[in-house]
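# Please work out how this folds:
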Amino acid sequence: MNFTDPTVIMFSIYLFVMLFIGFLGYRKTNSLDDYILGGRKLGSFVTALSAGASDMSGWLLMGLPGAIYLSGVSEAWIGVGLAMGAYLNWRFVAARLRMYTERAGNALTLPDYFSNRFEDKQNLLRILTTVVILVFFTIYCASGMVAGARLFENMFGLPYQTALWVGAACTISYVFIGGFLAVSWTDTVQGSLMITALIVAPVLGYFVIINGLQPTQSLTDLIEPAKLDMMKGASFVGIASLMAWGLGYFGQPHILVRFMAAESVKTIPSARRISMAWMILCLVGALAVGFVGIPYFLMYPEGAMAVNANSETVFIELAKQLFNPWVAGLFLAAILAAVMSTLSSQLMVCSSALTKDIYHTFLRKNAGHDELVWVGRIMVMAIALVAIGIASDPEAKILSMVSYAWAGFGAAFGPAIILSLFWSNMTRNGALAGILVGALTVLVWKQFGWLGLYEIIPGFIFAWLATVIVSRMGKPSPTMVEKHKAVELELSKL
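You can find the predicted model right below:
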């Protein structure tokens, strides 16, 4: 690694800034509430960009552009589904969840919310929710580790295993130090960098291609006709599977926790507008990167060998060829930003579940704030080590790992979250049945791949049915119904 290389220098400066923000977060962390939810003090802008950046992991700059480069614009259906799902999540879930978690015993985590919402004295919901979070987030975290390893491997010529540990250390360090505040503040910086890179790179690439065309050539002459067909290989199952990614939003703990941490319900509408504008621009930019990469590497084959060997490196190679080393270093840091923002959020959710919902609830009920914060930091390290172990396979594909975890959370928690916020007759047993059925359906369907259907669809449907059917077999307590009515009344006044 050449430390006089401008790309390395810019990259190092970026990492130093992230660590400094982590230190600032450490100075502001005085309690477990601060460490897990930032004291519920996030304003509209930070809530919006933090939710967006924690959502859009390394797959945004690597997985999605790589899929477009490989298969063409038919993969854009994923973006359509994601935009629709994200909007509906902000519009119908965000404010209700923010209010309900505060009314439900000031819940700090998703297991905490379910347990308090359904008055689960046996803590079965808390245990089941924590197990689901650990299972699927370990896979999700591993995808972030792979993306980081690919970046360091490509940039610095490091062996994959070395790159894996270096990339993981960059994220673990500031999460370990600063907790939720550091994660949210760094998400804001990283979200700004991601959107800049995803707008500038394809625009510049497009003009470079246009200037390099022969007088008789057009851009479409350099692209296989099949890759221009939005309906290529289209089937109802195929398009439904791609658009069904949008269902996943309702159950993603690392996104839902941003709603819980908002300063107040009144910040949600402006946060929604900021977040959706950011997301749509990022998705369009990611699609454009993959699309522009197709003709670019035909005209300028210097990086084509690396991209053809692994299509998920298309943004990396474009940035290295289009920009001078200083700018390239900054824009390549955008990939690390995407990786770090999501991975850090996932580590925080896992750490919070283990600390608040297992350690504090079952093992050390009288533990003080300082002890719990340090247990949270230790849990970050433990989960990261497991994820590194899963990511040690250099053949692992980022988008495939993300899709599996995304489906698991969407099916297990999505129906439970929606029904718990809108249906007063939902019961504890209904929630247990829905979460269990959703998670198991995804795990089984993934192994067999029946009908070629994305596993989130049957998982979501079966979980919803299980929740409703089992809930109708019992009745919620009067206090649960009254609390639900109180939240509805308060929302009607806003």
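# C-alpha only now, for contacts and for neighbours.
Will do.
# What about the closest residue to Lys446 other than its chain neighbours? Give its phi and psi, please.
Of all residues not flanking Lys446 in the chain, Glu455 sits nearest, at 6.1 Å (C-alpha to C-alpha, 6 or more residues apart in numbering). Torsion angles at Glu455 (phi, psi; degrees, to the nearest 10) stand at phi -60, psi -20.
# and what of Ala262?
Geometry field for Ala262 lists phi and psi as phi -60, psi 150, criterion degrees, to the nearest 10.
# ditto for Pro215
Here is the backbone geometry of Pro215 (degrees, to the nearest 10): phi -50, psi -30.
# Quick check: the gap between it and Leu228.
For Pro215, the distance to Leu228 (C-alpha to C-alpha, to the nearest Å) stands at 22 Å.
# which residues of the stretch 1-150 of the chain score low on pLDDT?
Residue ranges of the stretch 1-150 of the chain with pLDDT under 70: 1-3, 21-43, 45-55, 57-58.
# quick one, helices of it?
Ranges of helices in the stretch 1-150 of the chain, per DSSP state H, counting those that start in this stretch, are 6-28, 32-37, 44-55, 58, 64-71, 77-88, 95-103, 110-117, 124-156.
# Could you give the number of residues near Cys141?
Around Cys141 sit 30 other residues, with neighbours defined as other C-alpha atoms under 10 Å.
# residues contacting it?
Under the criterion of C-alpha atoms under 8 Å, 6 or more residues apart in numbering, the neighbours of Cys141 are Leu343, Gln346, Leu347, Ala384, Ala387.
# sorry, back to before: settle it for me: which of Pro215 and Leu228 has more neighbours?
More neighbours surround Leu228 than the other of Pro215 and Leu228, with 15 against 8 (other C-alpha under 10 Å).
# Let me see the contact set for the more buried one.
For Leu228, the contacting residues are Gly72, Val73, Ser74, taking C-alpha under 8 Å, 6+ apart as the criterion.
# Which secondary structure state does the closest residue to the last one other than its chain neighbours sit in?
For Ser74, the nearest residue in space outside its immediate sequence neighbours is Met230; the separation is 4.2 Å by C-alpha to C-alpha, 6+ apart. For Met230, the secondary structure call by DSSP: H, G, I helix; E, B strand; the rest coil comes out as coil.
# pretty sure Met230 contacts Val73?
Yes - counting by C-alpha atoms under 8 Å, Met230 touches Val73, with 5.4 Å between them.
# shaky segments in the stretch 251-400 of the chain?
For the stretch 251-400 of the chain, the stretches with pLDDT under 70 are 337-338, 340-341, 344, 399.
# Okay, helices next: where are they in the stretch 301-450 of the chain?
Using DSSP H, counting those that start in this stretch, the helices of the stretch 301-450 of the chain run over residues 304-309, 314-322, 325-352, 369-391, 398-422, 428-448.
# more neighbours, Met230 and Val73?
Here Met230 and Val73 are set side by side on neighbour count (other C-alpha under 10 Å), and the busier one is Val73, at 21 against 14.
# what sits against the more buried one?
Lys227, Leu228, Asp229, Met230, Leu287, Phe291.
# so can I have CSV of the residues you listed showing distance to Phe20?
Listed next are the contacts of Val73 as CSV, based on distance: C-alpha to C-alpha, whole Å:
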residue, distance to Phe20
Lys227, 44
Leu228, 45
Asp229, 46
Met230, 44
Leu287, 33
Phe291, 36
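# For Pro225, grab the count of nearby residues.
11.
# Against Ser71, how distant is it?
If you measure Pro225 against Ser71 using C-alpha to C-alpha, the figure is 11 Å.
# What of Met84?
If you go by C-alpha to C-alpha, the gap between Met84 and Ser71 works out to 22 Å.
# any chance of the contacts of Cys141 in TSV, with distance to Arg98 and neighbour count too?
What follows is the contacts of Cys141, written out as TSV (distance: C-alpha to C-alpha, whole Å; neighbours: other C-alpha atoms under 10 Å):
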residue	distance to Arg98	neighbour count
Leu343	23	31
Gln346	19	28
Leu347	21	32
Ala384	28	26
Ala387	30	23
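# now what about stretch 317-327, what contacts it?
Under C-alpha under 8 Å, 6+ apart, the answer for stretch 317-327 is 5-7, 9-10, 201, 204-205, 293, 303, 306-307, 328, 331-332.
# one more time with 6 Å
By C-alpha atoms under 6 Å, 6 or more residues apart in numbering, the residues outside stretch 317-327 that reach it are Pro6, Thr7, Gly303, Ala328.
# How many residues are close by the closest residue to Tyr359 other than its chain neighbours?
Excluding the flanking residues, the one nearest Tyr359 by C-alpha to C-alpha, 6+ apart is Lys365, at 7.8 Å. A count of nearby residues for Lys365, using other C-alpha under 10 Å, gives 11.
# Got phi/psi on Lys365?
Torsion angles, degrees, to the nearest 10, at Lys365: phi -60, psi -30.
# Next one: it from Glu119, what distance?
Relative to Glu119, and taking C-alpha to C-alpha, Lys365 is found at 18 Å.
# sorry, back to before: out of the helices of the stretch 301-450 of the chain, nearest to Leu247?
Put simply, out of the helices of the stretch 301-450 of the chain the one that sits nearest Leu247 is helix 398-422, at 6.2 Å, with distance taken as C-alpha to C-alpha.
# Give me the buried positions along the closest one.
In terms of neighbour count (16 or more other C-alpha atoms under 10 Å), helix 398-422 has its buried residues at 398-399, 401-421.
# Now find how far off-centre the longest helix along the chain is within its chain.
Within the chain, and with DSSP state H defining each element, the longest helix by residue count is helix 160-212. Counting by C-alpha atoms, centre = their mean, to the nearest Å, helix 160-212 is centred 13 Å from the centre of its parent chain.
# can you check stretch 240-249 too?
The gap between the average C-alpha position of stretch 240-249 and the chain average comes to 14 Å, counting by C-alpha atoms, centre = their mean.
# Leu247 versus the residue nearest to Lys446, what's the distance?
Look at Glu455 and Leu247: by C-alpha to C-alpha, they are 11 Å apart.
# Could you check which of these two has the larger neighbour count?
Set side by side, Glu455 and Leu247 show more neighbours around Glu455, with 29 against 26, by other C-alpha under 10 Å.
# Measure how buried Val17 is and give me the count.
Summarising burial for Val17: neighbours were counted as other C-alpha under 10 Å, giving 13.
# Val386 now?
Using other C-alpha under 10 Å, Val386 has 14 neighbouring residues.
# next one: Thr109
Residue neighbour count, defined by other C-alpha under 10 Å, stands at 25 for Thr109.
# That one and Thr361, how far apart?
According to C-alpha to C-alpha, Thr109 stands 12 Å off from Thr361.
# Val314 against Asn308, yeah?
No - the pair Val314 and Asn308 fails to qualify as a contact (C-alpha atoms under 6 Å) at a distance of 8.7 Å.
# Which one of these two is surrounded by more residues?
The neighbour comparison of Val314 against Asn308 (other C-alpha under 10 Å) goes to Val314, with 31 against 15.
# ok, so what distance separates that one from Ala94?
Summarising the geometry, the distance separating Val314 from Ala94, computed by C-alpha to C-alpha, is 34 Å.
# now swap in Val307 and tell me
Distance, Val307 to Ala94, by C-alpha to C-alpha: 39 Å.
# Would you convert the contacts of Cys141 into TSV that also reports distance to Lys485?
Compiled in TSV, the contacts of Cys141 are given as follows (distance: C-alpha to C-alpha, whole Å):
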residue	distance to Lys485
Leu343	37
Gln346	33
Leu347	35
Ala384	41
Ala387	42
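# okay if I get the contacts of stretch 317-327 as TSV plus neighbour count?
Putting the contacts of stretch 317-327 into TSV (neighbours: other C-alpha atoms under 10 Å) gives the following:
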residue	neighbour count
Pro6	17
Thr7	23
Gly303	18
Ala328	25
